[in-house]
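1. have a look at this fold, sequence not included:
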């Protein structure tokens, strides 16, 4: 079977981004909690971050001229894929400990997989990115695996 | 050690349903909190005329957040969310009313863990974001 995935493309598997460090603030927790309609007081008051707060904490902060015309920032971890239309994606998160105001967290993203499947309307490319978040002591805080499908 | 709550959870127990009707203000605040400038979430002419969507698209991870909330609100202080896996299968738009629903799929007494099915459902009763979560009821290591 012919494949869309060249050896050059597959050679990108295992690439990691440089670690990013972010300081968690009560204000950011509160903003996220309000915007997501949280109901628990500890989240709304910013005492503890609700699950998925890390999505906001580690969303790429880029300058205006680095955004594409549709307002999206380019993910520099990803190679150019032969298919470009993004379909549904999925997320798996393992939570190891809660995130609180004042935590200094470090996230490292790794492209862990690129594979192809035959869809009903043609080939699909899947890729997986794993983000490991650790605290200042180097203890795991959470692991997030994103799977995206391109057609 | 496990709390008394674990002992009364039964297979098939339903998690409380919750309705969500996100509006422009909430969608704006969510994407602002992320620093997400994707036009499909705030620029109606762009979303409809250029991308061909019927309206402003509700951000996928916001639906994911509601799946997480469905679990942690049910758990309260009795347990912790250990893991969740979900996918965004179908888009949702401003104006729609969505619901988070869930039920107990498996009980693992030896590990003190409960597996849950959680879904975001639209008005047509379609599951647009299905998920599976695992909750732990150990007292040790609880946040």
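-> Good, I have the coordinates. If you're wondering where the values come from, they're calculated on a predicted model, not measured in any experiment.
2. which secondary structure elements does the biggest helix by length in chain A sit against?
-> Determined from DSSP state H, the single longest helix within chain A is helix A:26-35. Contacts defined by 3 or more CB pairs under 8 Å, 6 or more residues apart in numbering or on different chains; DSSP states H and E place helix A:26-35 against helix A:41-44, helix A:53-57, helix B:24-34. Where you see a C-beta, it was placed from the backbone N, CA and C, and this is true even at glycine.
3. show me the contacts for the spatially most central residue of chain B.
-> Chain B has residue B:67 as the residue nearest its centroid, 1.3 Å off, counting by CA atoms, centre = their mean. Residues near residue B:67 by CB atoms under 8 Å, 6 or more residues apart in numbering or on different chains: B:84, B:86, B:100, B:118-120, B:129, B:131, B:133.
4. closest to residue B:61 out of the helices and strands packed on helix A:26-35?
-> helix A:53-57 (5.1 Å; CB to CB).
5. quick one: average confidence on that closest one?
-> The average pLDDT for helix A:53-57 rounds to 98.
6. that helix near chain B anywhere?
-> Yes - against chain B, helix A:53-57 shows contacts by CB under 8 Å from any CB of the partner chain at A:55-56.
7. who touches that helix?
-> Contacts for helix A:53-57 (CB under 8 Å, 6+ apart): A:22, A:24, A:28-29, A:32-33, A:49, A:99, A:105, A:107, A:131, A:133, A:141-142, A:144, B:33-35, B:61, B:64-65.
8. which of these count as buried?
-> Buried subset of these (neighbour count, 16 or more other CB atoms under 10 Å in any protein chain shown): A:22, A:24, A:28-29, A:32-33, A:49, A:99, A:105, A:107, A:131, A:133, A:141-142, A:144, B:33-34, B:61, B:64-65.
9. who's in contact with the helix or strand of chain B with the lowest mean pLDDT?
-> Using mean pLDDT, DSSP states H and E, helix B:4-8 stands out as the lowest-scoring helix or strand of chain B, at a mean of 90. Residues outside helix B:4-8 that contact it (CB under 8 Å, 6+ apart) are B:78-79, B:109, B:112, B:114, B:137.
10. quick one: which of those is nearest residue B:24?
-> residue B:79 (35.3 Å).
11. does the closest one touch residue B:116 like I think?
-> No - using CB atoms under 8 Å as the test, residue B:79 is too far from residue B:116 to be in contact (10.5 Å).
12. any shared contact partners between these two?
-> Counting by CB under 8 Å, 6+ apart, the residues touching both residue B:79 and residue B:116 are residue B:135.
13. show me which residues of chain B sit near chain A.
-> Residues of chain B lying near chain A (CB under 8 Å from any CB): B:20, B:26, B:29-30, B:32-40, B:43, B:46, B:51, B:60-62, B:64-66, B:68-69, B:72-73, B:80-90, B:141, B:143.
14. if we can go back for a sec, of all the helices and strands packed on helix A:26-35, which lies closest to residue A:69?
-> Among the helices and strands packed on helix A:26-35, if distance is taken as CB to CB, the winner is helix B:24-34, at 16.9 Å.
15. buried stuff in that closest one?
-> B:26-27, B:29-31, B:33-34.
16. who touches the helix or strand bottoming out on mean pLDDT in chain A?
-> Counting by mean pLDDT, DSSP H and E, chain A has its least confident helix or strand at strand A:86-95, which shows a mean of 90. With contact meaning CB under 8 Å, 6+ apart, strand A:86-95 is reached by A:51-52, A:124, A:142-151, B:60-61, B:64, B:80-90.
17. lovely, talk soon.
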